[in-house]
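Trainee: Please work out how this folds:
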Amino acid sequence: MTLIGLTGISETLGEAALSLGANARQTFFTITLPLAKSGITAGAIFAFAFSMDDVAISIFLCDYNTYTLPVALISLMRSHLDLTIAAAAVVLMGLTFALLVVLDRVIGLERAIGQGIYRA
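Mentor: Numbering: from 1, shown residues only. Sure thing, here's the model as predicted:
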């Protein structure tokens, strides 16, 4: 997702900023990053969802001292089924909803996620 967002950015925009006197750092932070923000956000959301879904790899990669939330939920489901799993799911949904509301109220979702390269 991030690569798709980056390929949609025209190189002439950065070249124009460089020709107008901006250095490479200013060009990145004022041109490239705002245009790629929506692709980076979509990639982060997709990576989080994929990491929550791919429990089999997490089970093989964790050791006895540390384990991830999906591994803990799966081990709880295998040992005894109680309401802890449902509570964790509700907390994750609530945190996601609260983050979206806070982003919308504080800076606006369009500004937080970005409008991409196609602005109306």
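
Trainee: When you work out contacts or count neighbours from here on, use the C-alpha atoms and nothing else.
Mentor: Will do.

Trainee: and the residue positioned nearest the centre of the chain, what helix or strand is that in?
Mentor: Closest residue to the average C-alpha location of the chain: A44 at 2.2 Å, with Cα atoms, centre = their mean. Applying DSSP states H and E as the criterion places A44 in helix 33-53.

Trainee: same for the next helix or strand after that helix, what does it pack against?
Mentor: Following helix 33-53 in sequence order, the next helix or strand is helix 55-61 (DSSP H and E). Counting contacts by 3 or more Cα pairs under 8 Å, 6 or more residues apart in numbering; DSSP states H and E, helix 55-61 packs against helix 69-79.

Trainee: contact partners of the helix it packs on?
Mentor: Helix 69-79 has contacts (Cα atoms under 8 Å, 6 or more residues apart in numbering) with 52-53, 55, 58-59, 82, 85.

Trainee: which parts of it are buried?
Mentor: 70-71, 73 (16 or more other Cα atoms under 10 Å).
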